[in-house]
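Chemist: Take this sequence and fold it.
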Amino acid sequence: MNTYYCSDPHAFHGNIMKHCRRLALMTEADRTAFLEIEAAGGDSSTLRVSDESIDNMNRTLAANVNARVGPNDVLWCLGDWAFGRGSDYLANARWFRDQIQCRTVHLMWGNHDEPKIRDLFASTHHQTEIRDRGVKLTLNHYPMVTWNGQHHGSVAEPNIHLYGHVHALYQRRPEANPLKDFDAWPALDVGFDGHDYQVWSLEEILEVLRPRLEAFETLKRSRGQFDPFRGRGRSPETS
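Modeler: Prediction:
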């Protein structure tokens, strides 16, 4: 049994294909129309993504999940499972869940998720802490500056935070992250948009975060602080 992580599939959400430039999942006609509007500096809201593109997105994401995540594995989705209006929402969420062969799927509540889909998942959470092969992970839909036990994290004993919501913004534009010490922040956006529409394995997560964990250890030593993201030093007054 292996555990995998993802976030923000946004099944049935046509506009997300424009907002996050999911060009590879669009039909050729939709992609051409979108790029023409973009090149002209126009308003992409005038483009309605076709049902064919939306169906292709849904089926591609589900196929990508199933290619890696087996029926007996565990999948954590960190929010924004599906989109829809009125009675369509539950039907869309259920359809997408039915495409996923993994029997144990956990959901972190995202801003597009509604309580009515709770029964589709093994469990639902706003925030939780788990261990995956000894690695401590704090899971949330939203990125957090600090989390429980973060200051104990190291390369040898990682304590990391996984999130979604921002759709690979910090990967595409690191300057958009407001944290001063972003390179030492042991957290990762595990959304589909930053990983070629694939789920993440723990090995892939640690590969990306190892340099940040190393930088975090260096930051603690250089500042003489055990918790630099809260400015906490080692003196009795600040411990």
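
Chemist: L202 against V135, yeah?
Modeler: Yes - counting by CB atoms under 8 Å, L202 does reach V135; the two are 6.4 Å apart. The way it works is simple: take the backbone N, C-alpha and C, and place the C-beta from them, glycine included.

Chemist: Distance check, D43 against D227.
Modeler: The gap separating D43 from D227 is 45 Å, by CB to CB, to the nearest Å.

Chemist: between these two, who's got more neighbours?
Modeler: D227 (17 against 8; other CB atoms under 10 Å).

Chemist: show me what contacts the more buried one?
Modeler: Listed by CB atoms under 8 Å, 6 or more residues apart in numbering, the contact set of D227 reads 146, 150-151, 220.

Chemist: switch to 7 Å and redo it
Modeler: D227 is in contact with H151, counting by CB atoms under 7 Å, 6 or more residues apart in numbering.

Chemist: for it, phi and psi?
Modeler: With angles defined as degrees, to the nearest 10, D227 sits at phi -140, psi 70.

Chemist: which residues of this protein fall in strands?
Modeler: Taking DSSP state E as the criterion, the chain carries its strands at 3-6, 74-77, 104-108, 123-125, 127-132, 135-140, 159-163, 187-189, 200-201, 225-227, 232-233.

Chemist: Next, the residues that contact the fourth one from outside, please.
Modeler: What that stands for is strand 123-125. So strand 123-125 is in contact with 106-109, 118, going by CB under 7 Å, 6+ apart.

Chemist: The lowest-mean-pLDDT helix or strand in the chain pairs with which strands?
Modeler: Across the helices and strands of the chain, mean pLDDT, DSSP states H and E gives its lowest value to strand 232-233, namely a mean of 74. With DSSP bridges as the test, strand 232-233 is paired with strand 225-227 (antiparallel).

Chemist: Centre of the chain to the strand it pairs with, how far?
Modeler: Per CA atoms, centre = their mean, to the nearest Å, the displacement of strand 225-227 from the mean C-alpha position of its chain is 27 Å.

Chemist: next one: stretch 26-42
Modeler: The answer for stretch 26-42 is 26 Å, by CA atoms, centre = their mean.

Chemist: now stretch 125-145
Modeler: Worked out by CA atoms, centre = their mean, stretch 125-145 lies 12 Å from the chain centre.

Chemist: how about the helices in the chain?
Modeler: Taking DSSP state H as the criterion, the chain contains helices spanning 14-19, 28-39, 51-68, 88-99, 169-172, 202-223.

Chemist: contacting residues around A62?
Modeler: A62 sits next to 96, 99-100 when contact means CB under 7 Å, 6+ apart.

Chemist: buried subset of these?
Modeler: With burial judged by 16 or more other CB atoms under 10 Å, the buried subset of the contacts of A62 is 96, 100.

Chemist: pLDDT added to the contacts of A62, as CSV?
Modeler: Output for the contacts of A62, formatted as CSV (pLDDT from 0 to 100):
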residue, pLDDT
F96, 98
Q99, 98
I100, 98
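
Chemist: ok so, going back, and the strands of the chain as JSON lines, adding distance to L209?
Modeler: Output for the strands of the chain, formatted as JSON lines (distance: least, CB to CB, whole Å):
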{"stretch": "strand 3-6", "distance to L209": "12"}
{"stretch": "strand 74-77", "distance to L209": "16"}
{"stretch": "strand 104-108", "distance to L209": "19"}
{"stretch": "strand 123-125", "distance to L209": "21"}
{"stretch": "strand 127-132", "distance to L209": "13"}
{"stretch": "strand 135-140", "distance to L209": "10"}
{"stretch": "strand 159-163", "distance to L209": "6"}
{"stretch": "strand 187-189", "distance to L209": "6"}
{"stretch": "strand 200-201", "distance to L209": "11"}
{"stretch": "strand 225-227", "distance to L209": "18"}
{"stretch": "strand 232-233", "distance to L209": "22"}
